[in-house]
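**Student:** coordinates for the following, if possible.
(3 chains)
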Amino acid sequence: MVDAEIKRDRIIIRHKGKKWDWMLEPRYWRNTMIWTALLVVFPIISYFVSPILLTTVITANLYAAIAIPLALMTVGTGRLNFGPNFFIGVGGYAAALLSIAYGWGPLKTLPFAFIFSMASALLFSPLVILARGLYYVLLTLLLPLVFMEVTFIYTDIFKGDVGLSGIKLLVNLGRVKLNFLACAYISMALMLLYLLVVNKILKSRYGLIMATINDDEEVAHGIGVNINKVKILAFIFPAGMIGVAGWFYAHYFATFAGITYLPLSFMVKVLLVIFIGGRTQVFGCVVGGYFIAFLEMILISTLGEIQPFVFPIILLILLFALPEGLFGIYRRRRYREYLPTLHVRR
Amino acid sequence: MSEILKVRNITKSFGGLTAVNNLSFDISPGETVGLIGPNGAGKTTLVNVLCGSYYADSGEIEMDGKRITRMKPYERCHLGLSRTYQIPRPFPELTALMSVVTSALCGKKRINRGLDDAGAEATHYLEFVGLFSKRNILARDLTFFEMRMLELARALATTPKLLFVDEVMAGLNPGEANKAVHLIARAKEEFGLTIFWIEHVMAVLMEAAERIIAIHFGEKIAEGPPDEIASNEKVIEAYLGSGWKGKAHA
Amino acid sequence: MWGTLQVVVIYAFVLGSLYLLISLGFSIICGVLRIFHLGYAYLFTLTVYLVWMFMKEFGLGLIPAILGMVGVQFIISYLLYKGVIKKYVEHEEILLTGLLLVSIIVEQGVNYRYPIQAGVFIQTTLIEGSSRIGATSISNQLLVGAGIGILLTILFILFFLKTKTGLAVRGLSQDLYSSRIIGINIEALYTFTMFLVLIPVIVGTLIVAPAWAVDPGMGSLYMTTAILVSILGGLGNIKGTIIASYLIGLTHAVISFVVGEPRFMNLSALVLVMIILMVRPQGIAKSEALW
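**Tutor:** A predicted model of the protein is given here:
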């Protein structure tokens, strides 16, 4: 069935006539190891400093966990999805409704959140193929807004403005601070898992195929790439991953309201994680996530009420001042591999 | 001998303009067939229809006995059809090596090929066209001739049976043109290809092609060995106008 | 049955004409500047709240307040064009996100200063009361608005067809480089277009303000309609936008009066747009040009 072979510098997996090799290059691991160690240690330190830091870490991990699949979706479909929070809504509501209706715990609702998000993506997948560049932007922009309207319309089911409550908690270790710590590590594990998976995909042959579709679709079609299949898969799979972030929100807060995640204000934060973090560079999403989460926290604690007004202004300034994103500045000095460009108008 | 490509009554119109009008011809395996015609005759449209970028309005295309009229381009590629482009279309953000690796990966289905193996194959093709030393340069930074060679390598890496060469001589100086012709001849021998060669430069086809098809306004006006075509009255009229009719020499 | 038909037709007509006022600007900007003005939503919010601010903070009357608002809007449009759009027209993703941020900034700023409880209300009702047409009664204000909508659209069409500037704008919308070659002043025309589209938006918002909701988030509601109409009609094509406005007006009327569920208006419009896009991916319009 599936054959695995371990050689000195690679792992080879064979299945049904196809072959995948995973190069093991320890010399590239050093930086990743250092940063991962720092990340992993951070929650424990925050635990002893202040609970606000812990919640910010959780928020940051989740922003990154949303941005990373979005980057994969962008590279794979060749366009930027301007409404990723639609999938957060689907995943979160799936988890919330199942938990409230049947009393399921988080582990049981997880696969359903994943599958429902993918199903909703499959439903809207003709968008990826049919909608040209800017039409795609507009229609994906509209999806979460219309979904939000639906949650208001069917307020008895979705409770769009108030939110569903009574969802099972993710972990319950007794003390609130311990819960936060546990959630911090779970969200970090989720983010790191996504990072690993998406990075692997982008560096593999699938990333290469997606790069060719991005660069010149017609030629890619002519050399044997099934562009429609790649695009749809690149749309559905990351959508499921984003839906899992919605699942996390639902079980972490024990409430889930459409109005928190579906309007433009949340969506713009996710988009900015990508832009400030560094476009489609997946490691940049982590940087962007932490940056935006901590920026928000600092502004809320210092400015108070005027924060929703100042925050987008600062984001706008950063957007213009950092065309390559924070990670892009770091990357400039250590160019290593192919980085696909972001196309909007096509 | 079964034909590798059978084209029957292909018609393709764009609005009111009929670009290809009821065209039929055959190609036998191992042949080099040339296609000539003045500008606007419909040559590139014909190749686009045969390769799948457009679908024909009517008519049938058969390759190796299979009907490919409605197949998508990538399916035709998997059956063994490959092409180069008149204006080179490299993948601008990929290196030369990576462009050919993608072809090698996605071309005909072969078992047991990982990314590394595709890389090894790609270097073989790059070496064949002479671009091995430039393999890590971004495709858009290559010179014009190198881009054409890259196009050729990319098309060859899909291990085609039938290769469409679209005006590969355009814009090359005589030295480069010579190299290109020999390269295509070598490719044909080494990889066992059948070549369908669209060209403007008559001298090249005179030597390289065994049979030439001439089209004008989307219709076939002549078909035959090169010297017959060169003295065919209709061909001369199409290229030079009716004032030259009768003044051709044998 | 006959009564319902009357109601549907009348409301389709009125709604369609009002949507024209809202969407025409978005469509024209898309067609001429070839960008998506995702910040378009801020125009609606600013129209209403600037007038309110001038009246309350500076004690101006209604008309001077409106004039002040128009002036400020012109300045902001100009700054937006010069500062944001012109610089980032090459990097579309930055441009779109930036424009989106602009509309959010405006919405949040307005929300901070005049939250929804502040009870903002602009007395721009031109004709009080409502009239009875056939089987239904409809607010006079909306009727007047529909009339003005049609009038403005006709003026726009005449402008684009008959005047020299209009012809230049049409040429610009079709091909940028050819326009440059024949000596059209691209910059001036772009700025002019940004100003031109302010007119239907301001007029439309002022008219519907007393009839429809006024709150800091109103921009996104109108924006959604404008986006749907523009996509359906084919971005940047006036003929298509007109047809699409009435189509969506009809959809809304049918959903409200025949199906009886006015809550589904936006959702049904979205479904309609997606269905039509599947059949005809470039929208209703036959060409990509302005007319």
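**Student:** give me the nearest residue to A:Val137, chain neighbours excluded.
**Tutor:** Excluding its sequence neighbours, the residue lying closest to A:Val137 (Cβ to Cβ, 6 or more residues apart in numbering or on different chains) is A:Phe82, at 5.1 Å. Where C-beta positions appear, they are placed from N, C-alpha and C, glycine not excepted.
**Student:** next, count neighbours for the one you found.
**Tutor:** For A:Phe82, the number of neighbouring residues by other Cβ atoms under 10 Å in any protein chain shown comes to 28.
**Student:** one more: B:Thr102?
**Tutor:** 29.
**Student:** who are the neighbours in contact with it?
**Tutor:** Taking Cβ atoms under 8 Å, 6 or more residues apart in numbering or on different chains, we find B:Thr102 in contact with A:Leu208, A:Ile209, A:Ala211, A:Thr212, A:Ala220, A:Ile223, A:Val225, B:Phe91, B:Leu94, B:Arg154.
**Student:** now do B:Pro38
**Tutor:** Going by Cβ under 8 Å, 6+ apart, the list of residues near B:Pro38 reads B:His216, B:Ala238, B:Tyr239.
**Student:** among these, which one lies nearest to C:Ala146?
**Tutor:** Ranked by distance to C:Ala146 (Cβ to Cβ), those are led by B:His216 at 58.2 Å.
**Student:** surely that closest one is in contact with B:Gly241?
**Tutor:** No. Using Cβ atoms under 8 Å, B:His216 is not in contact with B:Gly241; the gap is 11.8 Å.
**Student:** of those two, give the one with the bigger neighbour count.
**Tutor:** Neighbour count, other Cβ under 10 Å: between B:His216 and B:Gly241, B:His216 has more, with 19 against 9.
**Student:** so which helix or strand takes in the residue nearest to the more buried one when sequence neighbours are not counted?
**Tutor:** Closest residue to B:His216 apart from its sequence neighbours, by Cβ to Cβ, 6+ apart: B:Ala238 at 4.1 Å. Taking DSSP states H and E as the definition, B:Ala238 sits inside helix B:233-240.
**Student:** buried ones in that helix?
**Tutor:** Residues of helix B:233-240 classed as buried by neighbour count (16 or more other Cβ atoms under 10 Å in any protein chain shown): B:Val235, B:Ile236, B:Glu237, B:Ala238, B:Tyr239.
**Student:** do the same with stretch B:163-180
**Tutor:** Residues of stretch B:163-180 classed as buried by neighbour count (16+ other Cβ under 10 Å): B:Leu163, B:Phe164, B:Val165, B:Asp166, B:Glu167, B:Val168, B:Met169, B:Leu172, B:Glu176, B:Ala177, B:Ala180.
**Student:** tell me the predicted confidence for the residue in chain B positioned nearest to chain C.
**Tutor:** As assessed by Cβ to the nearest Cβ, chain C sits closest to B:Gly15 within chain B, at 11.8 Å. For B:Gly15, the pLDDT comes out at 82.
**Student:** and what of A:Leu295?
**Tutor:** 90.
**Student:** confirm it sits in a helix?
**Tutor:** Yes. Per DSSP: H, G, I helix; E, B strand; the rest coil, A:Leu295 lies within a helix segment.
**Student:** list the contacts of it.
**Tutor:** Shown in contact with A:Leu295 (Cβ under 8 Å, 6+ apart): A:Phe311, A:Ile314.
**Student:** do that again at 7 Å, thanks
**Tutor:** A:Ile314 (Cβ atoms under 7 Å, 6 or more residues apart in numbering or on different chains).
**Student:** from chain B, how far off is it?
**Tutor:** According to Cβ to the nearest Cβ, to the nearest Å, A:Leu295 and chain B sit 31 Å apart.
**Student:** how close does that residue get to chain C?
**Tutor:** With distances taken as Cβ to the nearest Cβ, A:Leu295 is found 14 Å from chain C.
**Student:** tell me which parts of the stretch 101-250 of chain A are close to chain B?
**Tutor:** Proximity of the stretch 101-250 of chain A to chain B, by Cβ under 7 Å from any Cβ of the partner chain, involves residues A:204-205, A:208-209, A:211-212, A:215-216, A:218-219, A:221-226.
**Student:** please enumerate the helices of the stretch 1-150 of chain C.
**Tutor:** C:2-33, C:41-57, C:62-80, C:86-88, C:92-113, C:140-162 (DSSP state H, counting those that start in this stretch).
**Student:** is there any residue in the third one that contacts chain A?
**Tutor:** No. Counting by Cβ under 7 Å from any Cβ, no contacts exist between helix C:62-80 and chain A, the nearest distance being 11.6 Å.
**Student:** which other helices and strands contact that helix?
**Tutor:** helix C:41-57, helix C:186-196, helix C:198-208 (3 or more Cβ pairs under 7 Å, 6 or more residues apart in numbering or on different chains; DSSP states H and E).
**Student:** so which strand or helix has A:Phe180?
**Tutor:** Using DSSP H and E, A:Phe180 falls in helix A:176-203.
**Student:** which pLDDT value belongs to the residue nearest in space to the middle of chain A?
**Tutor:** The residue lying closest to the centre of chain A (Cα atoms, centre = their mean) is A:Ile66, at 1.7 Å. With respect to pLDDT, A:Ile66 scores 93.
**Student:** ok, it to chain C distance?
**Tutor:** Taking Cβ to the nearest Cβ, one finds A:Ile66 at 15 Å from chain C.
**Student:** that residue and A:Leu271: what is the separation?
**Tutor:** 10 Å (Cβ to Cβ, to the nearest Å).
**Student:** again, but for A:Thr109
**Tutor:** Distance from A:Thr109 to A:Leu271, counting by Cβ to Cβ: 27 Å.
**Student:** then A:Met33?
**Tutor:** Here the criterion is Cβ to Cβ. By it, A:Met33 lies 30 Å from A:Leu271.
**Student:** neighbour count: these two, which is higher?
**Tutor:** A:Leu271 (26 against 10).
**Student:** sweet, I'm off.
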